[in-house]
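In: Just need the structure, nothing else, for what follows:
(one chain, ligands or ions: 1)
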Amino acid sequence: MQYPKTVTSPTFEHHRHPLGIGESAPRLSWRAVTDEPDWTQSAYRIRVEGTDGAVLADTGRTPGDDSVLVPWPGPPLASRARATVRVRVWGGADEAPSPWSEPATVETGLLDPADWKATLVTPDTGEEEGPLPVALLRRDFHVDADIASARLYITAHGLHETEINGVRVGDEVLEPGWTSYNHRLRHRTHDVTALLRPGPNTIGALLGEGWYTGRLGWDGGRRHHYGRRRALLAQLEMRHTDGTVRTVTTDGDWHWTAGPLLRSELYDGEHYDARLERDGWSRPGHDTHDWSTVREVPPPTARITAPTGPPVRRTRTVPVHGVLTTPSGRTVADFGQNLVGRLRIRVTGPAGHTVTLRHAEVLENGELALRPLRQAAATDSYVLRGTGQPETWEPSFTYHGFRYAELDGWPGPFDPAAVEAVVIHTDLERTGWFDSSDPLLNRFHENVVHSLLGNFVDLPTDCPQRDERMGWTGDIAVFAPTAAFLHGCTGMLSGWLRDLAAEQLARPDGSVPLVVPDILDPPMGGRPHALWGDAAVLVPWALYQETGDLGLLRAQYPSMTTWIARAAGEETEGGGLWHDPDQLGDWLDPGAPPDDPAAARTDAGLVALAHLVHSADLLAETADRLDEKGDAARHRALASRLRSAFADEFVTPSGRLASDSQTAYALALSFGLLTHETQRRRAGERLAQLVRRSGFRIATGFAGTPLICDALCLAGHAPLAHRMIAERHCPSWLYPVTMGATTIWERWDSMLPDGSVNPGQMTSFNHYALGSVADWLHRTVAGLAAAEPGWRRIRVAPIPGAPLTWARAAHLTPFGRAEAGWRIEGTTLVVDVLVPPGTRADIHPPGGGTPLSRGSGRHVVEVPYAPDDRPVTMTGHPFVAGSDVDCGCGAQPASGAGPHGG
Ligand code: BGC
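Out: Take a look at the predicted model:
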């Protein structure tokens, strides 16, 4: 018998929580769970029922192996519609079906602007400048009959936390998140049935400024990027057991007052005076004689949309790891991990006493290193109410990137158990893992995961600590493949891509903003930049590789084509090349001086044109898959014209490049920019030479870093890639780990080997871009990759290499868990593979040999192993650490593990 033991209950689009979704015909995915070898699905049956049990759709037995993003089989769902879906599958033509899956329930949010009856209300009375106290808003209402179900649809200009009858609604943080507020404003749907009761009820909301009116941007930034007023939009719909519906919305009947949160800023932190707390403010019967009426304001101009991914949540707490007294006598809690979130304190003391919490990622000279924060105060303060009882407090509308927190004014002796760090990030599902025989490399990989989570706070940001925390497009452009492997981020990033498209297509020239949501003022914000703009192509493409979601490519297609048209137009005006000198180029090349991160070894025009060719290639592929044949031919012709232009300008006939740099060769080899075999061979040799001459230290910035190991492998120099990844001297991937790093740093030497912080401005200790090599660790070192978009075919092609003796990766594919790994056992190399149901893997034994095609199940392949004793050396340049080597950053090698490395 060949049937799955179970099939998972279906999921909807890319949602983890399908309450309040925005798709009226959500595509369905499921996974068969079976140990049967070689299992493939031969048919499926989907059954959709309404809340009353009525069958809305039943596909019957439908032949086919589709199980990922299968079209919605029923009639489109209206706003507020709820349906339950089950699925069963067949494994072979004549087999019995699996049992029905557990039912999955989906419910739509408000799909049509006309569904909104609520009025936007603001607590502001005049033209206030801010920072403003967080406002409390409330409204009493009466429930006349028993409630069968109730939903709260809610969003804000600013940030809100809502309560009903004194109970917090939901567990989301920083709602409604940061979207391109001028175009898209996200709402969320909450099931609040259990919070309501017949009789008097109250709904109340805290309303902070957040990204809407709060300060954003470096050099002091500015406030009011989106408007001058915070405002709340809430619609509470209650269905009584007798079938009648009552709706309570934000309107002129709401009241507001200032609460105890006197200041709340994303960069600067919060100031909370517990003496001003209003007990029972969101419960019926609260005395509101000194509250004011809210003001109704015009409705949002942005489209109110439903979420495409999960919200930000508190995902874990971290206890104090150690307590230090700094040379200046301050008490500092060390959490042992650079993380993103805020502190929760429990404190007892006299009324009016203030505890101040200041956050930093690293220490310098034993004190908090605050310079990397630039103009972000990152300071929270709490004024005690002084009841004699322990008081517990955690900020609401701010977050910090920190490993260390200085606690000033703690009343009495400091008890480490009284403080914990609360980690927040978009609540993504973990889907990827890697480990190996090198603990340092494993720690590096763990650091990548931490930097991913710390920077996925509703949008993909550059950093979580200083006065930026923006959706820098270039950073996610290089990191998207790694992110998509490690965490299920397609839902979140597809929402962000809609913002990217909205911002881009609203620009007269179709260029992609450097940051999305775009808040940069011209001139920096106004001009197109290679790699950053290529996010319009590279991010959708990475998500498509992971999911096989052609719908996502279709949705982004206008943005992708507009970007290429813009970039190619730029090319024409520049006389055959993208000549704009103001490119960010290979940003943060370790050879660039601290104060000039764009001054890379590699010509910025070369970086720009290489990316344009690559994006044009990917766009041609995209057009093919979307059946846009004419476009595909056009983009192919463009790519070929640009390739020739690249060759004319930057490549000698023998394969030397105009920039004799690791990045230049990595780009040319990876993007197929060298037309002749001899050129490729010579370029590969030259890259190998450069790598050896650098003492295996990295010499790439944002552009070259994701590619250099692949380029070395392509050129037949995999041992050098392994050698580079094992390097510990600065600059290298492992150098920060030797310095105690627990996240990925922005620059290779954010902290110098002597423990001082790099004197430059770009010295974040939590930036994921340089962690983009993790994609290579997964695909090539462990050898686990999708052979086609969406993982139906898997390619297992590990390239083992010294000093590793084993490595492995696992990934939760759309079909189930896949694993690949290898280990050396004496004279045998054992490759261990797990192929999920419904897929096939092509296993390429290391060292050559015929690939094996295998269906689902575990497979062990053994090949003879003879250690390669040839040392990987710097030919002609005996390697003396830190002496004659061009290490770029000017730093000496690390002497050992430093204790304070973020
Ligand atoms: C950000 C980067 C970004 C860069 C581009 C920096 O300030 O932190 O990660 O991509 O600027 O200019």
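In: In a strand, residue 709, correct?
Out: No. Applying DSSP: H, G, I helix; E, B strand; the rest coil, one finds residue 709 to be helix, outside a strand.
In: any idea how far stretch 327-347 is from the chain center?
Out: 25 Å (C-alpha atoms, centre = their mean, to the nearest Å).
In: Would you mind listing the buried residues in the helix or strand harbouring residue 795?
Out: Per DSSP states H and E, residue 795 falls inside strand 793-796. For strand 793-796, the neighbour count (16 or more other C-beta atoms under 10 Å) marks 794-796 as buried. Backbone N, C-alpha and C define where each C-beta goes, glycine included.
In: Using the record's domain definitions, break this structure down for me.
Out: Using automatic domain parsing, the domain parsing of the chain gives 5-108, 116-264+277-303, 312-426, 432-781, 793-825+828-864.
In: Of those, which is nearest the ligand?
Out: Among those, the nearest to the ligand by C-beta to the nearest ligand atom is domain 432-781 (3.5 Å).
In: what bridges to the residue sitting nearest the centre point of the chain?
Out: The residue lying closest to the centre of the chain (C-alpha atoms, centre = their mean) is residue 456, at 3.8 Å. On the basis of DSSP bridges, residue 456 is bridged to residue 460.
In: That one contacts residue 425, correct?
Out: Yes. With contact defined as C-beta atoms under 8 Å, residue 456 counts as touching residue 425 (5.4 Å).
In: Tell me where the protein has helices.
Out: Here the chain has its helices, by DSSP state H, at 210-213, 439-455, 473-486, 490-506, 535-547, 550-573, 604-625, 629-650, 662-670, 677-693, 708-714, 718-726, 735-738, 774-776.
In: Please produce CSV containing the ones you listed, extended by mean pLDDT and mean neighbour count.
Out: Below are the helices of the chain laid out as CSV (pLDDT from 0 to 100; neighbours: other C-beta atoms under 10 Å):
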stretch, mean pLDDT, mean neighbour count
helix 210-213, 98, 25
helix 439-455, 98, 22
helix 473-486, 98, 27
helix 490-506, 97, 23
helix 535-547, 98, 26
helix 550-573, 87, 19
helix 604-625, 96, 24
helix 629-650, 95, 17
helix 662-670, 98, 29
helix 677-693, 97, 19
helix 708-714, 98, 24
helix 718-726, 97, 22
helix 735-738, 98, 26
helix 774-776, 98, 26
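In: Can you tell me, leaving aside adjacent residues, what's nearest to residue 344?
Out: residue 394 (4.1 Å; C-beta to C-beta, 6 or more residues apart in numbering).
In: Please go through this structure and pick out the longest strand.
Out: strand 331-347 (DSSP state E).
In: What are the buried residues along stretch 754-768?
Out: Using 16+ other C-beta under 10 Å as the test for burial, stretch 754-768 gives 755, 757-758, 760, 762-768.
In: Filtering those by proximity to the ligand, which remain?
Out: Restricting these to those near the ligand by C-beta under 6 Å from any ligand atom leaves 762, 767.
In: give me the number of residues near residue 468?
Out: When neighbours are counted by other C-beta atoms under 10 Å, residue 468 registers 21.
In: got it, and residue 487?
Out: 22.
In: Residue 456 is in contact with that one, correct?
Out: Yes. Applying C-beta under 8 Å, one finds residue 487 in contact with residue 456, separated by 7.4 Å.
In: Which residue is the nearest non-sequential neighbour of residue 718?
Out: Nearest to residue 718 is residue 799, by C-beta to C-beta, 6+ apart, at 4.7 Å.
In: Just want the phi and psi numbers for that neighbour.
Out: Dihedral pair for residue 799: phi -120, psi 90, per degrees, to the nearest 10.
In: What pLDDT is listed against it?
Out: At residue 799, the model reports a pLDDT of 96.
In: Going forward, count from 6.
Out: Will do, 6 is the new start, and the previous item becomes residue 804.
In: what's the burial count for it?
Out: Counted with other C-beta under 10 Å, residue 804 comes out at 21.
In: and the longest strand of the chain, which strands flank it?
Out: Sheet partners assigned to strand 336-352 using DSSP bridges are listed as strand 327-330 (antiparallel), strand 396-398 (antiparallel), strand 405-413 (antiparallel), strand 424-431 (antiparallel).
In: deepest of these, which one?
Out: Greatest average neighbour count among the strands paired with strand 336-352 goes to strand 405-413 (a mean of 25), per mean count of other C-beta atoms under 10 Å.
In: Off-centre distance for that one?
Out: Centroid separation for strand 405-413 versus its chain: 23 Å, with C-alpha atoms, centre = their mean.
In: got it, and stretch 470-484?
Out: 10 Å.
In: Now do the worst-scoring helix or strand of the chain on mean pLDDT: which elements does it pack against?
Out: Here the helix or strand of the chain ranked lowest by mean pLDDT, DSSP states H and E is helix 555-578, holding a mean of 87. Helices and strands touching helix 555-578, by 3 or more C-beta pairs under 8 Å, 6 or more residues apart in numbering; DSSP states H and E, are helix 495-511, helix 540-552, helix 609-630, helix 634-655.
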